[in-house]
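K.L.:
Need coordinates for the following:
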Amino acid sequence: MQYDIVIAGGGMVGLALAALLGQQDRRVAVLESICPVDIAPDADFDLRVSAISRVSQRLLASIGAWDKVLKRRACAYETMVVWDSTGDGKISFKAAELGEPDLGHIVENRVLQAALQEALKDYPTVELCCPVRITQIQRSADSIQVHLGDERILNTALLVGADGARSYVREWAGFTLTTEDYGQQGLVCTVQTSLPHQATAWQRFMPTGPLAFLPLSKPDFSSIVWTLPADKADELRSWEGVRFKQALADALDYQLGDILHCGVRASFPLRGQHSQTYVQERIALVGDAAHTIHPLAGQGVNLGFKDALALAESLLGARDLGGLRALRGYERARRGDNQLTQKAMEGFKLLFGNDLTPWQVLRNQGLNALNQLPAFKYRLARQAMGL
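P.N.:
This next block holds a predicted model:
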């Protein structure tokens with residue numbers, strides 16, 4: 001079976017890339033091992049959510065997926081409040097002061113995936129193969145053969161690894177990966193609070209790591225991401241409900257009152273990964289297959305969407321889709337930005353995770369000073385939104 005491009009991985013980034021290539025009338029196969037299940041309107045909230053920036057929203061709108069997100073559920077946040085637990089340092093960002101309707105949207109990952117999968121139906125040259133498993137990859141000078149568990153063999157000019165942080169494509173191709181184990185876990189769950197979230201993203205920095213309350217489509221429900229040392233995260237996961245809810249409300253300094261309900265808790269290890277190169281002859285990596293960063297600023301999937309857009313643009317008009325001339329243009333466009341963002345997040349982690357008194361004073365004074373410089377503060381906000 002002949003395709004222009006085969007994408008390994010039908011997550012958010014892989015599906016977005018497929019739609020962008022579908023707009024170019026490329027014949028594309030997307031390979032996914034687990035078929036996503038659409039989310040019912042009254043279903044429990046997904047444990048994993050993403051903060052979608054304005055630039056990502058525009059990309060999703062351009063491929064026909066954003067209206068499909070909104071018809072399911074999403075929450076626009078209009079304010080962001082960040083403060084330090086060791087003092088009085090605080091900074092806030094408001095969409096109204098930027099002349100924007102919101103700062104972004106909190107969207108469940110399952111909602112994004114279902115909306116993108118629905119959007120692909122508008123692109124007749126794109127085929128979603130699900131569930132399938134790659135059993136073998138063979139590369140020749142002018143093509144790649146991808147063998148599937150159902151005995152199909154796909155022939156393509158370009159294989160894209162969009163298959164996550166444990167990328168099979170990356171490992172098979174032998175890309176060199178730089179890894180930084182942060183020694184932390186992200187504890188996630190959905191909570192109901194006694195006070196409404198006010199369309200606000202709340203984040204409190206503590207010496208053990210940041211705690212974020214991200215607003216969901218119900219006014220008293222939030223998705224939490226609590227960054228903790230690995231052993232502490234395991235301990236908190238085991239606590240009985242009343243004790244955990246009390247600790248969580250206290251950690252947010254009761255900004256949203258008491259925790260009335262807490263859903264299933266889960267945690268995942270936090271590691272920074274960056275492939276030293278993104279491309280080889282006939283191979284390209286995008287999203288988490290190429291890079292993962294600390295989640296404290298919620299930029300992971302937004303970087304992946306930027307990868308998808310840059311790769312699609314680099315292939316526009318290319319004669320040899322798997323040739324290094326086109327692929328290196330994509331790598332040059334994205335690797336530096338991704339690396340800079342990764343290092344910036346690691347810098348924030350070190351700055352806010354230091355409990356020495358001089359650093360505490362510096363952090364709190366810095367937050368308060370920045371909050372008094374509206375022009376600089378909102379330049380940062382517009383940069384984060386992609387504006």
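K.L.:
helices or strands next to the helix or strand harbouring residue 212 in the packing?
P.N.:
In this assignment (DSSP states H and E), residue 212 forms part of strand 209-215. When contacts are defined as 3 or more Cβ pairs under 8 Å, 6 or more residues apart in numbering; DSSP states H and E, strand 209-215 packs onto strand 75-77, strand 177-193, strand 200-206, strand 221-229, helix 324-353. The C-beta positions use only the backbone N, C-alpha and C, and glycine is treated the same way.
K.L.:
Using the three-state scheme, assign residue 369.
P.N.:
helix (DSSP: H, G, I helix; E, B strand; the rest coil).
K.L.:
Identify all contacting residues around the strand holding residue 212.
P.N.:
With contact meaning Cβ atoms under 8 Å, 6 or more residues apart in numbering, strand 209-215 is reached by 49, 51, 75, 77, 106, 184, 191, 193, 197-204, 221-229, 248, 251-252, 255-256, 296, 298, 349, 352-353.
K.L.:
Only whichever of those are buried, select them in PyMOL.
P.N.:
To isolate the buried ones among those in PyMOL, judged by 16 or more other Cβ atoms under 10 Å, type:
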select buried, resi 49+51+75+77+106+184+191+193+197+199+200+201+202+203+204+221+222+223+224+225+226+227+228+248+251+252+255+256+296+298+349+352+353
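K.L.:
what's the burial count for residue 302?
P.N.:
24 (other Cβ atoms under 10 Å).
K.L.:
what pLDDT does residue 13 get?
P.N.:
We have a pLDDT of 98 for residue 13.
K.L.:
Surely residue 253 forms part of a helix?
P.N.:
No - assignment of residue 253 by three-state DSSP gives coil, placing it outside any helix.
K.L.:
show me what contacts it?
P.N.:
85, 204.
K.L.:
which phi and psi does it have?
P.N.:
phi 60, psi 30 (degrees, to the nearest 10).
K.L.:
Okay, and the beta partners of residue 259?
P.N.:
Counting by DSSP bridges, residue 259 is bridged to residue 193.
K.L.:
Flag the helix or strand of this protein with the lowest per-element mean pLDDT.
P.N.:
helix 357-371 (a mean of 75; mean pLDDT, DSSP states H and E).
K.L.:
ok, residues contacting that one?
P.N.:
82-84, 86-92, 205, 351-352, 354, 376-377.
K.L.:
Could you identify the buried members of these?
P.N.:
Of the contacts of helix 357-371, these count as buried by 16+ other Cβ under 10 Å: 82, 83, 84, 86, 89, 91, 205, 352, 377.
K.L.:
which one among the residues you listed gets closest to residue 145?
P.N.:
residue 352 (48.3 Å; Cβ to Cβ).
K.L.:
show me where pLDDT drops low in the protein?
P.N.:
296-298, 346-357, 359 (pLDDT under 70).
K.L.:
At the geometric centre of it, which residue sits there?
P.N.:
The residue lying closest to the centre of the chain (Cα atoms, centre = their mean) is residue 301, at 2.5 Å.
K.L.:
ok but that residue is inside a helix, no?
P.N.:
Yes - assessed with three-state DSSP, residue 301 lies in a helix.
K.L.:
Run through the helices of the chain in chain order.
P.N.:
12-22, 54-62, 66-70, 95-98, 109-119, 168-173, 230-238, 241-251, 300-315, 324-353, 357-371, 374-385 (DSSP state H).
K.L.:
Which stretch among those helices approaches residue 153 most closely?
P.N.:
Ranked by Cβ to Cβ, the member of the helices of the chain that lies closest to residue 153 is helix 168-173, at 15.8 Å.
K.L.:
hmm, who's touching that closest one?
P.N.:
Counting by Cβ under 8 Å, 6+ apart, residues outside helix 168-173 touching it are 8, 134, 137, 159-161, 163, 177, 275, 280, 283, 285, 289-290.
K.L.:
TSV please, covering these and showing neighbour count and distance to residue 339.
P.N.:
Putting the contacts of helix 168-173 into TSV (neighbours: other Cβ atoms under 10 Å; distance: Cβ to Cβ, whole Å) gives the following:
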residue	neighbour count	distance to residue 339
8	27	23
134	19	28
137	17	27
159	27	24
160	32	20
161	27	18
163	27	21
177	15	13
275	21	10
280	16	19
283	23	20
285	27	14
289	32	15
290	29	10
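K.L.:
Filter the residues you listed down to the ones in strands?
P.N.:
8, 134, 137, 159, 160, 161, 177, 275, 280, 283, 285 (DSSP state E).
K.L.:
Tabulate these (JSON lines), appending distance to residue 147.
P.N.:
Output for those, formatted as JSON lines (distance: Cβ to Cβ, whole Å):
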{"residue": "8", "distance to residue 147": "12"}
{"residue": "134", "distance to residue 147": "7"}
{"residue": "137", "distance to residue 147": "7"}
{"residue": "159", "distance to residue 147": "12"}
{"residue": "160", "distance to residue 147": "17"}
{"residue": "161", "distance to residue 147": "16"}
{"residue": "177", "distance to residue 147": "24"}
{"residue": "275", "distance to residue 147": "24"}
{"residue": "280", "distance to residue 147": "19"}
{"residue": "283", "distance to residue 147": "16"}
{"residue": "285", "distance to residue 147": "20"}
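K.L.:
re the thing from before, okay, buried residues for the strand holding residue 212 please.
P.N.:
Going by 16+ other Cβ under 10 Å, strand 209-215 has these buried residues: 209, 210, 211, 212, 213, 214, 215.
K.L.:
And for stretch 16-36?
P.N.:
Neighbour-count burial for stretch 16-36 [16+ other Cβ under 10 Å]: 16-24, 26-33, 36.
K.L.:
Tell me how far the residue sitting furthest away from the middle of the chain lies from residue 285.
P.N.:
Distance from the centre of the chain peaks at residue 141, with 34.2 Å (Cα atoms, centre = their mean). Distance of residue 141 to residue 285, computed by Cβ to Cβ, to the nearest Å: 21 Å.
K.L.:
Tabulate the CA atom coordinates of stretch 34-47 in PDB.
P.N.:
Extracted in PDB, the C-alpha atoms of stretch 34-47 (Å, rounded to 0.1, in the frame of the first residue of the first chain):
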ATOM      1  CA  ILE A  34      -5.400   2.400  20.800                       C
ATOM      2  CA  CYS A  35      -8.500   3.700  19.300                       C
ATOM      3  CA  PRO A  36      -9.700   6.900  21.100                       C
ATOM      4  CA  VAL A  37     -13.200   6.800  22.500                       C
ATOM      5  CA  ASP A  38     -15.300   9.900  22.100                       C
ATOM      6  CA  ILE A  39     -16.300  11.600  25.300                       C
ATOM      7  CA  ALA A  40     -20.000  11.700  26.400                       C
ATOM      8  CA  PRO A  41     -21.300  15.100  27.500                       C
ATOM      9  CA  ASP A  42     -22.000  13.800  31.000                       C
ATOM     10  CA  ALA A  43     -18.800  11.700  31.300                       C
ATOM     11  CA  ASP A  44     -16.300  12.300  34.100                       C
ATOM     12  CA  PHE A  45     -13.500  14.700  33.200                       C
ATOM     13  CA  ASP A  46     -10.300  13.200  31.800                       C
ATOM     14  CA  LEU A  47      -7.400  13.100  34.100                       C
END
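K.L.:
Fine, thanks again, bye for now.
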